[in-house]
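Enquirer: need a structure here:
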Amino acid sequence: VLRAEDTSLEEVVVVGYGSQKKINLTGAVSVVKGEDLARQPVGQTSAALQGAAPGLTVTQSSGQPGRDNGGLKIRGIGTLGNANPLVLIDGIEGNINNVNSNDIASISVLKDASSAAIYGSRAANGVILITTKRGSEGGFSVNYNNYGGWQTPTDMTEMANGLDHMVLMNEAYTNTGKSPVFTEQMIEDYIAGVSTDSDRYPNTDWKKLTMKNNGFMQQHYLNISGGSDRVRVASSIGVFDQKGIIENTSFRRYNFRLNSDMNISEKLSSSIDLAFAKSELVEPSSGTTTIFHYIRRIPANQAGLLSNGTYGEGWNGNNPLAMARDGGLNQENPLDLMFNMDLKYKPFEGFTAQLVYSPKFLLNNRGTFINSIQTYYADGSKAYLTPQRNSMTERFDQTWYNNIRAVFSYDKLISHTPQITVLGAYQQEDQNDNYLNAYREMFLLPEFREINAGGNENQQNGGTSSQWALRSVFGRINYAFLGKYLFEANARYDGSSRF
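Expert: Here you go, the predicted structure:
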């Protein structure tokens with residue numbers, strides 16, 4: 001006789017401040033395995049979650065390198081404000097895209113109130129728990145993997161050529177009772193001159209002129225792990241590089257992670273983790289959205305690049321090729337550094353006391369230089385200078401975050417059938433934010449992009465700081481009998497400096 005056996009019910013699932021067997025879960029929790037994410041050649045971990053868990057919606061609003069992250073929503077939009085879920089990386093609130101997908105062991109998605117309640121009001125839109133890989137006993141291993149490839153646009157609208165644009169514009173104006181925009185003589189001159197004088201009679205393919213056919217993307221990842229019954233270590237380093245299909249568009253990220261576990265004695269153990277992420281984003285100062293807008297808007301009978309190498313007038317001085325090449329750059333260089341120091345003490349069977357300190361340091365330098373672009377008419381005379389003055393804005397943001405928590409749990413199996421688990425904890429968080437910014441105009445040497453190289457006229461400086469703190473007490477009780485009768489109760493109290 002064949003009998004069905006569902007071994008998945010015995011799987012251990014990471015939940016808020018602990019773990020449970022899948023058979024004992026009372027809330028809606030989905031689990032995504034790390035190897036499923038690592039197989040996907042994407043630049044942002046959030047994008048790799050597309051279709052990975054029921055109830056989790058991932059939307060991408062851009063394919064630009066560095067801005068192709070996925071917007072995460074759990075069971076739709078539940079608020080008029082910020083509807084993003086709370087993301088915790090090994091217990092620390094953080095950015096999911098700063099975690100290399102190769103470092104992830106599993107992701108738990110807490111989708112309903114019962115599973116997320118222990119995190120309080122910040123979990124109103126659900127919780128995503130990321131657990132990273134740790135070292136294991138039994139030797140030493142080295143793992144290296146990489147991938148490379150070219151990204152190409154999946155679908156691009158075919159635009160009308162110069163002659164078709166002129167004919168169709170005349171037809172549109174005539175149909176509304178207006179006079180044609182282009183006379184018959186203008187159309188005849190265009191037909192005669194388009195092949196001999198491309199400056200006066202251009203037939204510009206703005207898509208081909210401004211965009212590249214593809215962008216190269218690559219990732220390299222090295223992992224070293226191993227250990228004994230006393231010490232286990234897992235370390236990794238990763239590099240991701242992505243080029244865009246518009247000039248001066250790129251993204252690069254460096255990741256380093258070190259997870260270590262130590263058994264100090266039979267009752268005392270500890271772990272120390274370090275995670276580092278450094279990104280470099282480069283894009284035209286006008287933004288890729290503006291460039292794509294003009295690629296699709298400017299008709300083909302407007303000059304983009306003249307035969308002498310200067311820029312054509314485009315659309316009233318707005319030339320997407322000039323914007324991408326020489327319109328200046330926006331550069332962002334965020335740094336994310338996270339620590340996690342954990343001490344566990346088990347004085348007797350079933351009871352665990354845990355003390356965790358998790359500081360986090362964030363630093364971001366953003367610099368935007370807007371360069372003046374000179375465009376020209378077909379006869380070589382100057383057309384537009386856009387903008388009239390070049391300018392530069394630079395901003396520094398710094399965040400220091402502290403998280404300290406004490407967690408006490410007791411897990412007791414009574415008479416081999418009923419099981420009771422009690423958890424109580426105290427947590428304190430505080431964060432300090434600081435920022436400085438500066439603005440200058442009139443850079444006589446546009447290639448020398450330093451704040452002090454700008455003029456004093458219209459200069460602006462600013463800065464501010466903010467702080468907040470949170471103290472929390474929370475707990476949970478779980479009772480399971482025969483794997484059928486389940487009870488769970490969560491409670492949390494938050495005292496915030498913001499009220």
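
Enquirer: distance between the ends of stretch 220-240?
Expert: Looking at stretch 220-240, the gap from its leading to its trailing residue is 7 Å under the measure Cα to Cα, to the nearest Å.

Enquirer: Check stretch 294-302 too.
Expert: Taking Cα to Cα, the span from the opening residue of stretch 294-302 to its closing residue is 12 Å.

Enquirer: which one is Gln40 nearest to, not counting chain neighbours?
Expert: The shortest distance from Gln40 to any residue that is not its chain neighbour, by Cβ to Cβ, 6 or more residues apart in numbering, is 4.5 Å, and that residue is Ala48. C-beta: built from backbone N, CA, C; applies to glycine.

Enquirer: Now that neighbour. Its backbone dihedrals?
Expert: phi -70, psi -10 (degrees, to the nearest 10).

Enquirer: That one contacts Val42, doesn't it?
Expert: Yes - with contacts counted by Cβ atoms under 8 Å, Ala48 reaches Val42, the gap being 5.1 Å.

Enquirer: more neighbours, these two?
Expert: Here Ala48 and Val42 are compared on neighbour count by other Cβ atoms under 10 Å; more neighbours surround Ala48, at 24 against 20.

Enquirer: Which residues does the longest helix belonging to the chain contact?
Expert: Using DSSP state H to assign secondary structure, the helix with the most residues in the chain is helix 162-175. Helix 162-175 is contacted by residues 160, 179-182, 186-187, 190-191, 194, 201-204, 299-301 when judged by Cβ atoms under 8 Å, 6 or more residues apart in numbering.

Enquirer: Keeping just the C-alphas, turn the next helix or strand after that helix into PDB.
Expert: If you walk from helix 162-175 toward the C-terminus, the next helix or strand you reach (DSSP states H and E) is helix 184-193. As requested, the backbone C-alpha atoms of helix 184-193 are provided in PDB (Å, rounded to 0.1, in the frame of the first residue of the first chain):
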ATOM      1  CA  GLU A 184       5.100  71.300 -51.000                       C
ATOM      2  CA  GLN A 185       8.300  73.100 -51.900                       C
ATOM      3  CA  MET A 186       9.700  72.300 -48.400                       C
ATOM      4  CA  ILE A 187       8.900  68.700 -48.900                       C
ATOM      5  CA  GLU A 188      10.400  68.600 -52.400                       C
ATOM      6  CA  ASP A 189      13.600  70.300 -51.100                       C
ATOM      7  CA  TYR A 190      13.800  67.800 -48.300                       C
ATOM      8  CA  ILE A 191      13.500  64.800 -50.700                       C
ATOM      9  CA  ALA A 192      16.200  66.300 -52.900                       C
ATOM     10  CA  GLY A 193      18.600  67.200 -50.100                       C
END
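
Enquirer: Contacts for helix 184-193, please.
Expert: The set of residues external to helix 184-193 that reach it, using Cβ under 8 Å, 6+ apart, is Gly162, Leu163, Met166, Val167, Phe182, Arg200, Tyr201, Asn301.

Enquirer: May I see the buried residues of it?
Expert: By neighbour count with 16 or more other Cβ atoms under 10 Å, helix 184-193 contains the buried residues Tyr190.

Enquirer: now it, how far from the centre of its chain.
Expert: 51 Å (Cα atoms, centre = their mean, to the nearest Å).

Enquirer: Tell me which helix or strand comes right after that helix.
Expert: With secondary structure assigned by DSSP H and E, helix 184-193 is succeeded by helix 206-210.

Enquirer: pLDDT (mean, whole number) over that following helix?
Expert: Model confidence over helix 206-210 averages 95 on the pLDDT scale.

Enquirer: That one: which residues count as buried?
Expert: Going by neighbour count (16+ other Cβ under 10 Å), the buried part of helix 206-210 is Trp206, Lys207, Thr210.

Enquirer: quick one: common contacting residues for Ala48 and Val42?
Expert: Ser101.

Enquirer: Between helix 184-193 and the longest helix of the chain, find me the angle.
Expert: Comparing the axes of helix 162-175 and helix 184-193 via axes from the mean of the first three to the mean of the last three Cα atoms, to 10 degrees yields an angle of 170 degrees.

Enquirer: In CSV, list the C-alpha atoms belonging to helix 162-175.
Expert: These are the backbone C-alpha positions of helix 162-175, laid out as CSV (Å, rounded to 0.1, in the frame of the first residue of the first chain):
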residue,chain,number,x,y,z
GLY,A,162,11.8,62.5,-41.6
LEU,A,163,9.7,62.5,-44.7
ASP,A,164,6.8,60.4,-43.2
HIS,A,165,6.8,62.9,-40.3
MET,A,166,6.3,65.9,-42.5
VAL,A,167,3.6,64.2,-44.6
LEU,A,168,1.7,62.9,-41.5
MET,A,169,1.9,66.3,-39.8
ASN,A,170,0.4,68.0,-42.8
GLU,A,171,-2.4,65.4,-42.9
ALA,A,172,-3.1,65.9,-39.2
TYR,A,173,-3.3,69.7,-39.5
THR,A,174,-5.5,69.4,-42.6
ASN,A,175,-7.9,67.1,-40.9
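
Enquirer: So Phe369 is in contact with Asp326, correct?
Expert: No - Phe369 sits out of contact with Asp326 when judged by Cβ under 8 Å, with a separation of 11.0 Å.

Enquirer: Look at those two and report which has more neighbours.
Expert: Neighbours of Phe369 and Asp326, each counted by other Cβ under 10 Å, are more numerous for Phe369; the result is 22 against 17.

Enquirer: The closest residue to that one other than its chain neighbours: how many residues sit nearby?
Expert: Leaving out its chain neighbours, the residue that sits closest to Phe369 by Cβ to Cβ, 6+ apart is Gly328, at 4.2 Å. Using other Cβ under 10 Å, Gly328 has 21 other residues around it.

Enquirer: Pull the contacting residues for Gly328.
Expert: When the contact criterion is Cβ under 8 Å, 6+ apart, the partners of Gly328 are Pro284, Ser285, Ser286, Thr368, Phe369, Ile370, Asn371, Asn390, Pro446.
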